[in-house]
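1. dropping the sequence and predicted coords here.
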Amino acid sequence: MLLAERAEKSIIIAMGVSICSVKYGLTLACYASEVKCLKIVDHVSFYIYQQFQTFSRQKLTILRSNMIAIPSMKGKIMFKKVTAVLCLFVAATTQANELSDQNLVTRSLTLKDSEVKLSGNLSYAKNDRDNEVMIGLDAGYGITDNWSINIGHTRYRFLSRGNNGLGLELTLGGGMKGVYETTDNQDVLGYGADLLGKYVFTDETAVLFGTQYVFWNQPSHTANADEWRFSAGVQQQLFEHVVLSAGYTYRDLNDMSQADAHEASLSLNYAMTKQLDLAVFATYSNFDPVKNGFTADSSNKQGIGAHVSYRF
């Protein structure tokens with residue numbers, strides 16, 4: 001069934017959209033029941049835009065509909081464009097014909113054709129200003145086996161692994177990479193493109209690697225900043241359906257006071273079923289937002305949290 005045909009069907013959106021930034025997860029979440037996709041663009045986005053005018057920049061505001069929660073946003077987001085992306089998540093009322101592998105090690109970097117992924121996390125993070133609890137939501141849709149989209153980001157696989165699931169997989173991605181806030185309350189949006197790869201040695205061991213370019217649009221500066229990121233990671237199955245993942249990213253910063261930065265992450269994922277994943281994670285970064293002209297809470301230094309995702 002064509003995506004355009006799916007969009008005309010009445011659907012139930014179990015979870016909505018989120019846009020995640022470096023600071024708060026920059027979550028925009030909406031919920032709708034028995035609506036048509038094409039109506040979302042006009043009605044929901046207009047409502048969000050109206051209500052957005054009333055929220056406080058420093059506090060979590062729950063709008064009077066109790067359907068939208070926006071934490072201290074950092075950018076004037078193009079809401080109509082955001083909600084238009086919802087159309088790409090619309091599938092038929094039936095499930096996808098095939099779901100991604102239950103084993104995280106052999107799971108592809110893109111979703112299967114018509115597969116929908118809903119995910120959320122709850123984390124506790126520390127920055128130079130204070131500690132904070134963050135809630136983030138996300139959604140993804142597999143347009144084909146090789147092309148997936150998430151809110152603000154897309155990924156295309158141009159090299160797939162063999163029939164046995166082992167070997168090299170390569171993808172290209174592009175979209176929004178983060179948001180910072182300057183001390184004069186200016187929003188700095190990061191856009192970029194990346195090359196992400198995965199090599200699966202066995203059903204129990206895989207390595208990940210990638211490089212990406214990020215352009216930081218600084219409206220109050222005569223020159224914009226940019227950076228290159230280089231990452232590497234490993235996935236190791238400890239027990240059946242339990243995978244330990246570790247990752248490291250080196251950031252080569254240009255036109256910032258800090259010449260470079262280092263980030264690391266560690267997570268433990270339990271694939272409870274072929275559809276449901278539960279995980280705990282920890283993160284670290286030595287990026288200094290204050291030194292680079294941003295507010296102290298634009299970037300967190302350490303964090304721990306829990307993650308859940310559901311695919312259908």
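-> Okay, I see it.

2. isn't Arg311 up against Lys117?
-> Yes: Arg311 lies in contact with Lys117 (CB atoms under 8 Å); the separation is 4.8 Å. C-beta here means a position set from N, CA and C on the backbone, and glycine is covered the same way.

3. anything in contact with each of the two?
-> Leu111 (CB atoms under 8 Å, 6 or more residues apart in numbering).

4. hmm, Tyr284 is touching Thr249, no?
-> No: using CB under 8 Å, Tyr284 is not in contact with Thr249, being 10.5 Å away.

5. between the two, which one's more packed in?
-> Between Tyr284 and Thr249, counting by other CB atoms under 10 Å, Thr249 is the more crowded of the two (17 against 14).

6. whichever strand or helix holds that one packs against which elements?
-> In the assignment (DSSP states H and E), Thr249 maps to strand 242-254. Packing partners of strand 242-254 (3 or more CB pairs under 8 Å, 6 or more residues apart in numbering; DSSP states H and E): strand 225-239, strand 260-271.

7. partner strands of the last one, parallel or antiparallel?
-> In other words, strand 260-271. strand 242-254 (antiparallel), strand 276-285 (antiparallel) (DSSP bridges).

8. what angle sits between it and strand 225-239?
-> Here strand 260-271 runs at an angle of 30 degrees relative to strand 225-239 (axes from the mean of the first three to the mean of the last three CA atoms, to 10 degrees).

9. thinking again about what came up before, so which bits of the strand holding Thr249 are buried?
-> Residues of strand 242-254 classed as buried by neighbour count (16 or more other CB atoms under 10 Å): 243, 245, 247, 249, 251, 253.

10. ok, stretch 178-198 next?
-> Quick answer for stretch 178-198 (16+ other CB under 10 Å): 178-182, 186-192, 194, 196, 198.

11. show the average pLDDT along it.
-> Stretch 178-198 carries an average pLDDT of 92.

12. stretch 242-260 now?
-> 96.

13. show me the contact partners of it.
-> 103-105, 208, 223-238, 261-271, 287-288, 291-293.

14. hey, C-alpha coordinates of the strand or helix carrying Tyr191 in CSV?
-> If you go by DSSP H and E, Tyr191 is part of strand 187-200. Extracted C-alpha coordinates of strand 187-200, given in CSV (Å, rounded to 0.1, in the frame of the first residue of the first chain):
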residue,chain,number,x,y,z
ASP,A,187,18.9,30.1,19.8
VAL,A,188,21.8,28.3,18.0
LEU,A,189,20.6,25.4,15.9
GLY,A,190,22.9,22.7,14.6
TYR,A,191,22.3,21.0,11.3
GLY,A,192,24.4,18.4,9.7
ALA,A,193,25.0,15.2,7.8
ASP,A,194,26.7,12.0,8.8
LEU,A,195,28.1,8.6,7.7
LEU,A,196,27.2,5.8,10.1
GLY,A,197,28.4,2.2,9.8
LYS,A,198,28.2,-1.1,11.6
TYR,A,199,30.2,-4.3,11.2
VAL,A,200,28.7,-7.4,12.7
